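Colleague: Return atomic coordinates for the entry below.
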Amino acid sequence: MQNQIIGREREIAELRRCMDSDRSEFVIVYGRRRVGKTFLVDHFFQGKYDFMYVGGHRLTKAKQLRNFGKALKKAAGMALQPKLSTWDDAFDALEVYLESLPVEKKKVVFIDEMPWIDTPQSEFVEALETFWNGWGARRSDIVFVASGSASSWMMDKLVDNPGGLHARITNNIYVRPFTLRETEEYLLSKQFNWSKYQILQLYMVIGGIPFYLSLLDPKQTLLANIDRLFFRRNGELKTEFDELYNAVFNKADKYLEVVSLLNSNHEGMTAGQIKTSCKMEGKRLATILRNLERCDFIVSYQQFGNKSRGTLYRLADFYTLFYYKFVGGNDSKDEEWWSHNYSSRSVESWQGFSFELICLTHVPQIRRKLGISGIATSASSWRYSPPKDSKERGCQIDLVIERGDRVVNLCEMKFSIAPFNMTAAYEEEIRRRIQLFREKTKTNYALNSTFVTTFGVASGRHTGVVDSEVTGEDLFK
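Modeller: Modelled structure (predicted):
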């Protein structure tokens, strides 16, 4: 295939291991919609499968089976298309075809969008269990690859299957969004000449989603690209939101209820707080939170020194956050709205929050810059809310890195167009936070005040409070 693949070294190594193995392999490839699962599999196998079938969205069982038979006719070179009434029939026919192939080669089967095949009362999963347990797993020459955007289905029906497929998955490959470095590599491969600062701004809008990146035009400016994709009539990413969650989750309205709530609480919420606001049963909410995190829509992290208070959940999908903030409720007919409003205070505030989120999703890069990659660490957040009758001010630190060498990095994250200028008032505020953190957590670890900024902290008389620095460029490494 001519298209270059960016990153994915670990995923490719896993697929290669499966091809070199001396047993049959059942591999699942899953991840968020538009993240490049199919492209990864197609690139590795060069599109050369012994059998390949793509499930149809919202098709009936009869239509799915007819399409499966059509794919089997093509793969096997049959004169007539087999008539399939059940999924047992379909897998029986697949067995017969695969057994007719040369014994000395691995047979690769790729079923894409598998969750869409499992329609109500289809008995697809039961037939798949019989096919794999009774035939595929007993051979040594089958590589069966299943993929799908509905990660909750992939995990619940395949990985965590309590029935016949329990512990039968030999490899599960999770495809994550691109990091900043991978995003930069992709853009360079497509002849974009954007600076790291511009790529940071882009990442705030669409994150590292390969399909969204593929829609960009290198002949247009960053602002013009955002206008074209989000604010023009029927812009491709303007209409994407309607399908995004419905394609990934069953009963997406419940997921969107949680997502919308987290969008209104950027500092994060505990499961208890979400449960109270949504009035949702605890087990159902736990499933929703788990599935949202599996798809990288949200992130969870502990509260430093207060694990008993529960995990904090935070909306982390950049596209969703941008859509809620500027697109979904925007009634303007201005097709260049972003270009006309980019310098507003609202956008400036959003950039500050989004940069914090970029830092939270690039903690390994921060650790590397701080020279602590080889030290055991844990990342968390910390907040202090004083009693209502207290005159004391509260405090929140979004990123706390606790280290095995008895040091805690308290990270302050600031996005700016130039080196960050530390004022006397801000220096005093940072010192207050450090002192409050020590008093309330009662930690005896050394406290390191770490600034993560776009272009570093400008030198000046108030920078003595800065113990270590990480720049935007370091996040690309």
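Colleague: Run through who's touching stretch 395-411.
Modeller: For stretch 395-411, contacts defined as C-beta atoms under 8 Å, 6 or more residues apart in numbering pick out 267, 304, 356, 359-360, 363, 366-367, 370, 372, 375-384, 412-413, 432-434, 436-437, 443-452, 468. No exception for glycine: its C-beta is placed from N, CA and C like everyone else's.
Colleague: Can you point out the buried residues in stretch 212-220?
Modeller: Residues of stretch 212-220 classed as buried: 212-213, 215-216 (neighbour count, 16 or more other C-beta atoms under 10 Å).
Colleague: CA atoms only: put stretch 437-455 into PDB for me.
Modeller: Extracted C-alpha coordinates of stretch 437-455, given in PDB (Å, rounded to 0.1, in the frame of the first residue of the first chain):
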ATOM      1  CA  PHE A 437      -0.600  21.500  49.900                       C
ATOM      2  CA  ARG A 438       2.000  20.700  52.600                       C
ATOM      3  CA  GLU A 439      -0.300  21.600  55.400                       C
ATOM      4  CA  LYS A 440      -3.400  19.800  54.200                       C
ATOM      5  CA  THR A 441      -1.700  16.600  52.900                       C
ATOM      6  CA  LYS A 442       0.800  16.500  55.700                       C
ATOM      7  CA  THR A 443       3.400  15.100  53.200                       C
ATOM      8  CA  ASN A 444       7.000  15.000  54.200                       C
ATOM      9  CA  TYR A 445       8.100  14.600  50.600                       C
ATOM     10  CA  ALA A 446      10.100  17.400  49.000                       C
ATOM     11  CA  LEU A 447       7.900  19.600  46.900                       C
ATOM     12  CA  ASN A 448       9.000  20.700  43.400                       C
ATOM     13  CA  SER A 449       7.200  23.500  41.700                       C
ATOM     14  CA  THR A 450       7.000  22.600  38.000                       C
ATOM     15  CA  PHE A 451       5.900  24.900  35.300                       C
ATOM     16  CA  VAL A 452       4.600  23.400  32.000                       C
ATOM     17  CA  THR A 453       4.300  26.300  29.500                       C
ATOM     18  CA  THR A 454       4.200  26.900  25.800                       C
ATOM     19  CA  PHE A 455       7.600  28.700  25.500                       C
END
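Colleague: sorry, back to before: among the contacts of stretch 395-411, which ones are in strands?
Modeller: Among these, the members falling in strands (DSSP state E) are 377-384, 412-413, 446-452, 468.
Colleague: are any of those residues buried, and which?
Modeller: Buried residues within the ones in strands among the contacts of stretch 395-411, counting neighbours by 16+ other C-beta under 10 Å: 377, 379-384, 412-413, 447-452, 468.
Colleague: By mean pLDDT, flag the weakest helix or strand of this protein.
Modeller: In the chain, no helix or strand scores lower on mean pLDDT, DSSP states H and E than helix 151-153, which sits at a mean of 81.
Colleague: Now the element after it, going C-ward?
Modeller: On the C-terminal side of helix 151-153, the closest following helix or strand by DSSP states H and E is strand 171-174.
Colleague: buried ones in the helix or strand following that following strand?
Modeller: Once the chain leaves strand 171-174, the next helix or strand it forms, by DSSP H and E, is helix 180-189. Neighbour-count burial for helix 180-189, with 16+ other C-beta under 10 Å as criterion, is recorded at 180-187.
Colleague: what's helix 180-189 packed up against?
Modeller: Helices and strands touching helix 180-189, as assessed by 3 or more C-beta pairs under 8 Å, 6 or more residues apart in numbering; DSSP states H and E, comprise helix 196-206, helix 210-214.
Colleague: can you list contacts of the first one?
Modeller: Outside of helix 196-206, the residues within contact range by C-beta under 8 Å, 6+ apart are 180, 183-184, 187, 194, 212-213, 216, 222, 226, 230, 237, 318-319, 322, 350-351, 354-355, 358, 415, 417, 454, 472-473, 475-476.
Colleague: How about stretch 468-476?
Modeller: 180-181, 184, 196-197, 199-200, 358-359, 362, 365-366, 368-370, 409, 448-457.
Colleague: Could you do stretch 446-461 as well?
Modeller: By C-beta under 8 Å, 6+ apart, the residues outside stretch 446-461 that reach it are 197, 200, 355, 359, 366, 370, 399, 401, 406-422, 430, 434, 437-438, 463, 465-472, 475.
Colleague: can you tell me which of those residues are in helices?
Modeller: Judged by DSSP state H, helices contain the following of the contacts of stretch 446-461: 197, 200, 355, 359, 366, 430, 434, 437-438.
Colleague: Give me the buried entries from those residues.
Modeller: Among the ones in helices among the contacts of stretch 446-461, those classed as buried by neighbour count (16+ other C-beta under 10 Å) are 200, 355, 359, 366, 430, 434, 437.
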